[in-house]
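Visitor: need a 3D model of the sequence below.
(one chain, ligands or ions: 1)
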Amino acid sequence: MPSRRQVIQRGASLLGLAAALPLLPRDALALALEPAGLLRRPIPASGELLPAIGLGTSRTFHVDLDDASLAPLMQVMDTLLAGGGRLIDTAPSYGNAEAVTGALLQRSASQSKAFVASKVSASGRSRGLAQFEASLRALQRERIDLMQVHNLQDTATQLALLRELKAQGRVRYIGITHYREAAHDDLLAVLAREPLDFVQFNYSVAERNAERRLLPYCADHGIATLINRPFARGQLFQRVRGRPLPEWAQEIDADSWAQLLLKFILAHPAVTVAIPATSKARYMADNLKAGHGRLPDAPLRERIAQAFA
Ligand SMILES: NC(=O)c1ccc[n+]([C@@H]2O[C@H](COP(=O)([O-])OP(=O)(O)OC[C@H]3O[C@@H](n4cnc5c(N)ncnc54)[C@H](OP(=O)(O)O)[C@@H]3O)[C@@H](O)[C@H]2O)c1
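Guide: Predicted coordinates for the structure are as follows:
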């Protein structure tokens with residue numbers, strides 16, 4: 001029977017507020033978090049809970065569709081789904097990544113847990129629709145959980161199409177994406193005129209522009225956020241290469257640089273899911289750990305940013 005304090009701590013951790021509560025001894029915290037598992041955040045449009053660590057597929061899932069090439073990525077997918085994760089972000093422009101995602105899901109006993117996000121990057125309605133049909137075939141699904149207009153290409157036309165597909169039940173949620181800070185104002189302009197479920201953009205210790213307007217706007221208007229480039233495409237690891245992890249990492253239950261980077265992101269209350277990409281199961285397990293334990297408060301977030309400055 002969990003104690004009242006454990007129940008409160010567990011609830012707070014679900015809301016991402018663990019850092020705001022008095023620190024518990026490590027074992028007690030683990031006990032408090034264990035039944036709830038990975039941190040989850042609601043999609044404001046529906047209340048559906050999503051695990052806050054997902055998986056990107058750009059470059060890493062662009063491999064041949066043979067058994068030898070798929071084997072290590074099967075381990076990544078198994079690690080994600082067995083570890084309580086759900087969201088996989090892919091796109092028709094990522095080479096074979098959609099087809100690889102589809103093949104891996106077909107082979108997974110846990111494929112029903114997956115929340116699949118893809119994108120449309122086409123000009124004109126008929127090209128957008130043809131691309132969507134091809135995505136369904138590649139992913140081997142009849143429905144895609146989230147469809148996003150990729151990098152704001154032909155946004156008005158493609159969003160109208162995605163709304164039709166949503167009304168037909170072939171898509172559950174719709175959104176828009178970009179990966180450059182220079183496009184954040186353009187994302188905001190679309191959000192101001194189109195009701196959307198999700199917006200995906202870049203945010204990390206190295207790219208903090210989203211803190212100014214985009215993340216607060218999403219919090220105020222009930223829009224779910226997907227965070228791409230959480231490691232600035234892996235480049236952030238070069239800034240700390242060869243350096244030991246700081247002692248204070250234990251204060252937020254982190255034992256890797258990747259976990260510090262992801263906890264920095266998850267500690268922002270407007271973040272729904274971070275989607276780091278990896279081709280390695282051990283990195284997937286490492287990334288999932290960031291969704292457990294305490295999150296940094298404001299001063300600790302600045303220490304994380306300073307460590308990578
Ligand atoms: N416009 C858009 O819509 C857009 C643009 C950019 C990205 N995205 C999405 O966001 C996803 C993530 O962004 P990204 O792929 O650019 O970069 P990222 O997630 O910031 O970085 C990926 C790199 O980090 C490395 N890595 C992952 N976990 C690690 C760990 N625990 N320890 C050490 N290294 C680790 C990976 O190495 P290994 O390869 O060795 O595993 C990979 O090279 C994309 O895959 C895509 O789904 C969308």
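Visitor: now the nearest residue to Leu262 once chain neighbours are set aside. Its backbone dihedrals?
Guide: Leaving aside its sequence neighbours, Leu262 sits nearest to Ala290 (Cβ to Cβ, 6 or more residues apart in numbering; 3.5 Å). (C-beta placed from N, C-alpha, C; glycine too.) Here is the backbone geometry of Ala290 (degrees, to the nearest 10): phi -60, psi -20.
Visitor: report the contact partners of Ala290.
Guide: When contacts are counted by Cβ atoms under 8 Å, 6 or more residues apart in numbering, Ala290 touches 53, 254, 258-259, 261-263, 266, 274.
Visitor: for those residues, which one is nearest the ligand?
Guide: Ranked by distance to the ligand (Cβ to the nearest ligand atom), the contacts of Ala290 are led by Ala258 at 3.3 Å.
Visitor: quick check: nearest residue in space to that closest one, chain neighbours excluded?
Guide: Per Cβ to Cβ, 6+ apart, closest to Ala258 is Asp286, 5.2 Å.
Visitor: list the contacts for that neighbour?
Guide: 256, 258-259.
Visitor: and it, how close does it get to Gly293?
Guide: Distance of Asp286 to Gly293, given as Cβ to Cβ, to the nearest Å: 13 Å.
Visitor: one more: Val240?
Guide: From Val240 to Gly293 the distance is 20 Å (Cβ to Cβ).
Visitor: any low-confidence regions in this structure?
Guide: In the predicted model of the chain, residues 1-36 satisfy pLDDT under 70.
Visitor: strands of that one, residue ranges please.
Guide: Per DSSP state E, the chain carries strands over the ranges 40-42, 49-51, 55-56, 87-89, 115-120, 144-149, 171-177, 198-202, 224-228, 273-274.
Visitor: which residues are in contact with the last one?
Guide: Residues lying outside strand 273-274 but in contact with it, judged by Cβ under 8 Å, 6+ apart, are 41, 50-54, 87, 224-227, 230, 262, 265-266, 290.
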